[in-house]
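Trainee: sequence plus predicted model, see below.
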Amino acid sequence: MSYLLLVLLVLVGGLVGYVRFSPNEPGAWHADPLQVTERGADNSFLAAPGGDVAPLHLALPPDQVAARLEKIAAAWPRTKAIAGAGFHRTWITRTKWWGFPDFTSVRLVPTDDGGTDVTLFARSRFGRSDLGVNRARGQEWLARLRS
């Protein structure tokens, strides 16, 4: 019985270690939301033409939207920028207990009226379902940009 428990603990520990310490190459996860063609519908959220919701249009220039977005991401728990700059950035957010990595890529597109369209792609690295975490984060970031 104790041998079985030890094996189980080693397996769980190995899984946790793999999830938490596996490399997340920025180039592999820095996506353009406008170019997304394939995605896991149960573990992602896309705010772009043809996505879950339309891009968010703001009557602010892209540099002001980018500054607001940086503040939102910096305040989000367990989140840090991993790729991009300016109007196209990607952040990694890790879950609290297991450290599962999720990625949020945002592209800000200047519009003819001087405003900005915000496109966003939030997705999981592991698994088929994220229990709505990426959708909730994407919607909340858009809501905070809107306010």
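Mentor: Nice, thanks for sending it over. Keep in mind that what you see is a predicted model, and the values were worked out from it rather than measured.
Trainee: distance of Val106 from Leu6?
Mentor: 45 Å (Cβ to Cβ, to the nearest Å). C-beta coordinates here come from the backbone N, C-alpha and C atoms, glycine included.
Trainee: kindly report the same for Ala75.
Mentor: Taken as Cβ to Cβ, the span from Ala75 to Leu6 is 41 Å.
Trainee: beta partners for the spatially most central residue of the chain?
Mentor: What sits nearest the mean C-alpha location of the chain, by Cα atoms, centre = their mean, is Thr104, with 1.9 Å. Beta-bridge partners of Thr104, counted by DSSP bridges, are Trp91, Ala122.
Trainee: what pLDDT, on average, does the helix or strand in which Leu4 is found get?
Mentor: In the assignment (DSSP states H and E), Leu4 maps to helix 2-21. Average pLDDT, helix 2-21: 77.
Trainee: if you count neighbours, what's buried in stretch 51-62?
Mentor: Across stretch 51-62, burial judged by 16 or more other Cβ atoms under 10 Å covers Gly51, Asp52, Pro55, Leu56, Leu58, Leu60, Pro62.
Trainee: so the second one makes contact with Arg39?
Mentor: The reference is to Asp52. No. Here Asp52 does not reach Arg39: they are 9.7 Å apart, not a contact under Cβ atoms under 8 Å.
Trainee: mutual contacts of the two, please.
Mentor: Both Asp52 and Arg39 are contacted by Leu46, under the criterion Cβ atoms under 8 Å, 6 or more residues apart in numbering.
Trainee: shaky segments in the chain?
Mentor: Applying pLDDT under 70 to the chain flags residues 18-19.
Trainee: quick one, helices of it?
Mentor: Along the chain, counting by DSSP state H, helices occupy 2-21, 26-29, 62-75, 133-146.
Trainee: before we move on, back to that, compare Val106 and Leu6 (neighbour count), which wins?
Mentor: Val106 (28 against 10; other Cβ atoms under 10 Å).
Trainee: brilliant, that's me finished.
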